[in-house]
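> Build me a model from this:
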Amino acid sequence: MRLIRFQQKKIEEMLLTLRDNYTCIMVTHNMQQASRISDTTSFFLSGNLVESNKTKKIFLNPDKEQTADYLSGKFG
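Residues are numbered from 1 along each chain as shown. A predicted model of the protein is given here:
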């Protein structure tokens, strides 16, 4: 079941308050959410790590073509 926006925002706020003291690992298919709350993003395809880098780098200028293709909606 999808979270309504209010619930999603509350969870994101909580994660942001925890980031100074904890390492949080979040698995999501919601790219907008990942870009809002993560410092580092890793892209996996078929169980294999394709790319891992600072979130800004992944979303603005990924090193791997597979990552760019996924983010642009060419597959997935």
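> all helices in the protein, in order from the N-terminus.
Applying DSSP state H to the chain gives helices spanning 5-18, 31-37, 55-60, 65-71.
> Could you double-check that M26 sits in contact with L16?
No. Checked against C-beta atoms under 8 Å, the pair M26 and L16 is beyond contact range at 11.6 Å. Every C-beta, even on glycine, is put in place using the N, C-alpha and C of the backbone.
> Report the contact partners of L16.
Shown in contact with L16 (C-beta atoms under 8 Å, 6 or more residues apart in numbering): I37.
> and it, how far is that from D63?
Look at L16 and D63: by C-beta to C-beta, to the nearest Å, they are 27 Å apart.
> Find the residues that touch each one of M26 and L16.
With C-beta under 8 Å, 6+ apart as the test, M26 and L16 both reach I37.
> center of this protein - which residue?
For the chain, the residue whose C-alpha lies nearest the mean C-alpha position (C-alpha atoms, centre = their mean) is A34; its distance is 2.9 Å.
> among the helices of the chain, which is nearest S46?
Taking C-beta to C-beta, helix 65-71 is the member of the helices of the chain nearest to S46, at 10.2 Å.
> Ranking helices and strands of this protein by mean pLDDT, which lands last?
Of all helical and strand segments in the chain, the minimum by mean pLDDT, DSSP states H and E falls on helix 5-18, at a mean of 87.
> Give the buried residues for that one.
The neighbour-count criterion (16 or more other C-beta atoms under 10 Å) identifies L15 as the buried residues of helix 5-18.
> In this structure, where is pLDDT below threshold?
Across the chain, the ranges flagged by pLDDT under 70 are 1-3.
> ok, back up a step: how about the helices of the chain in CSV, adding distance to N48?
Conversion of those to CSV gives the following (distance: least, C-beta to C-beta, whole Å):
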stretch, distance to N48
helix 5-18, 26
helix 31-37, 18
helix 55-60, 16
helix 65-71, 10
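> Nearest to L45 among those would be which one?
helix 65-71 (5.9 Å).
> name the helices or strands packed onto that closest one?
Under the contact criterion of 3 or more C-beta pairs under 8 Å, 6 or more residues apart in numbering; DSSP states H and E, the helices and strands touching helix 65-71 comprise strand 40-45, strand 48-54, helix 55-60.
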